[in-house]
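Novice: would you be able to build a 3D model of this:
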Amino acid sequence: MAHHILKATKETVHLGGFSHLLPPALTIDSGDTVEVETYSGYYVYDKAPPDFLTPAFLDICHNLPQERKIAAGPHLLTGPIYVRDAEPGDVLEVKLEAITPSLPVGFNAIRAGWGALPQIFHQSALRFIPLDLENKIAEYPLGSGIKIPLKPFFGILGVATPDASRSSVPPGYYGGNIDNRELQPGSKVFLPIFVPGALFSIGDGHSAQGDGEVNVTAIETSMNGTIQLKLYKNLQLTIPIAETPTDIITMGFAQTLDEALELALKNMIYFLECFVNLAPEDAYVLCSLAVNFRITQVVNSPQKGVHGMLPKSILSKDFSFPLSVR
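Specialist: Numbering: from 1, shown residues only. Take a look at the predicted model:
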């Protein structure tokens, strides 16, 4: 297994979406680790304070090639990473080993017409928020004494699909803009693969976010991380599943929260059937007794998100997920 470093440059990032037509920024083998650099704030850099800007980021903002501008999404993603031997029908495990904000400032933006309350908060607004990286807190509002713990994660973890262009805004069966704050270091995300090589991309660093992400954004942050990518050849998944040190997480993405909850619940029942060997009705009952369903986000139009959290502590000591890896 090899270790790679993938810096964010105008040759290794792409803007706004996913595409299987993009040439890989890096090619690796299953089991390799990657130190990855990501930047956020492509569309607000001209309003940013000096601490938000680096020469590499400014070069991206000024000189990103047109062919690396994929769709209208606001996200700057690093990748794609091509995994040798990855084929449609396989599953990619993304193990999140380390996640660290790279700059002492992030931003929050209200976008007109977006968010959970667009009729009330209809004016666009942009705030840059200092980050105390030593103490891992952000004070907001500044001077209020309100200290928000920094719990960094990547909002976007996704693979390409056969579509030539797919926006980075809505999440889906390919992962993408999941915005799940549970995906801290030590977690794993399992993504179905749809094109050769998987073509995995990562970005949308968040230093802090509440469930729901109700005003459209978190503390959006340029982020560095270390990930490990592994292939599974016999793990039958059609939707993303995640595992944290304490929970199994299933996801549901749909145009309403009711539909998203239904999908997250169905996906948890499927998981319990396939990997815990429960009968469907027993799985349904267990979901009512022990699984916590939470709002992931309500703002990544047109898809809202709900995730179900199954505590691993209640499962048999013999439980193991997944079972085998290539």
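
Novice: give me every residue that touches Gly41.
Specialist: Residues in contact with Gly41 (C-beta atoms under 8 Å, 6 or more residues apart in numbering) are Ala48, Phe52, Phe57, Leu76, Phe107, Glu220, Ser222. Heads up, the C-betas are built off the backbone N, CA and C, glycines and all.

Novice: equivalent analysis for Leu133, please.
Specialist: Pro101, Pro104, Leu150.

Novice: switch to 10 Å and redo it
Specialist: Thr100, Pro101, Ser102, Leu103, Pro104, Val105, Leu150, Pro152, Ser207 (C-beta atoms under 10 Å, 6 or more residues apart in numbering).

Novice: the fifth one and Pro130 touch, don't they?
Specialist: Yes - using C-beta atoms under 10 Å, Pro104 is in contact with Pro130, at 6.4 Å.

Novice: what sits in contact with each of those two?
Specialist: By C-beta under 10 Å, 6+ apart, the residues touching both Pro104 and Pro130 are Pro49, Asp51, Ala138.

Novice: got a winner among the residues you listed for most neighbours?
Specialist: Greatest neighbour count in the shared contacts of Pro104 and Pro130, by other C-beta atoms under 10 Å, goes to Ala138: 24 neighbours.

Novice: would you agree that one falls within a strand?
Specialist: Yes - per DSSP: H, G, I helix; E, B strand; the rest coil, Ala138 lies within a strand segment.

Novice: quick one: the nearest residue to His122 once chain neighbours are set aside and Pro118, what's the gap?
Specialist: Distances taken as C-beta to C-beta, 6 or more residues apart in numbering put Ala112 closest to His122, at 5.8 Å, once the chain neighbours are dropped. Distance, Ala112 to Pro118, using C-beta to C-beta, to the nearest Å: 7 Å.

Novice: ok, the two, which is more surrounded?
Specialist: Pro118 (15 against 12).

Novice: could I get the phi/psi values of Asn135?
Specialist: phi -100, psi 0 (degrees, to the nearest 10).

Novice: so it touches Lys147, yeah?
Specialist: Yes - counting by C-beta under 10 Å, Asn135 does reach Lys147; the two are 8.5 Å apart.

Novice: quick one, which of these two is more surrounded?
Specialist: Neighbour count, other C-beta under 10 Å: between Asn135 and Lys147, Lys147 has more, with 13 against 10.

Novice: what's across from the more buried one in the sheet?
Specialist: Glu139 (DSSP bridges).

Novice: distance of it relative to Ala138?
Specialist: In terms of C-beta to C-beta, Lys147 sits 8 Å off from Ala138.

Novice: which neighbours do those two share?
Specialist: Joint contacts of Lys147 and Ala138 (C-beta under 10 Å, 6+ apart) are Asp132.

Novice: helices or strands next to the lengthiest helix in the chain in the packing?
Specialist: Ranked by residue count, the top helix of the chain under DSSP state H comes out as helix 257-275. Here helix 257-275 touches strand 241-243, strand 247-254, helix 280-290, strand 292-297, strand 304-311, going by 3 or more C-beta pairs under 10 Å, 6 or more residues apart in numbering; DSSP states H and E.
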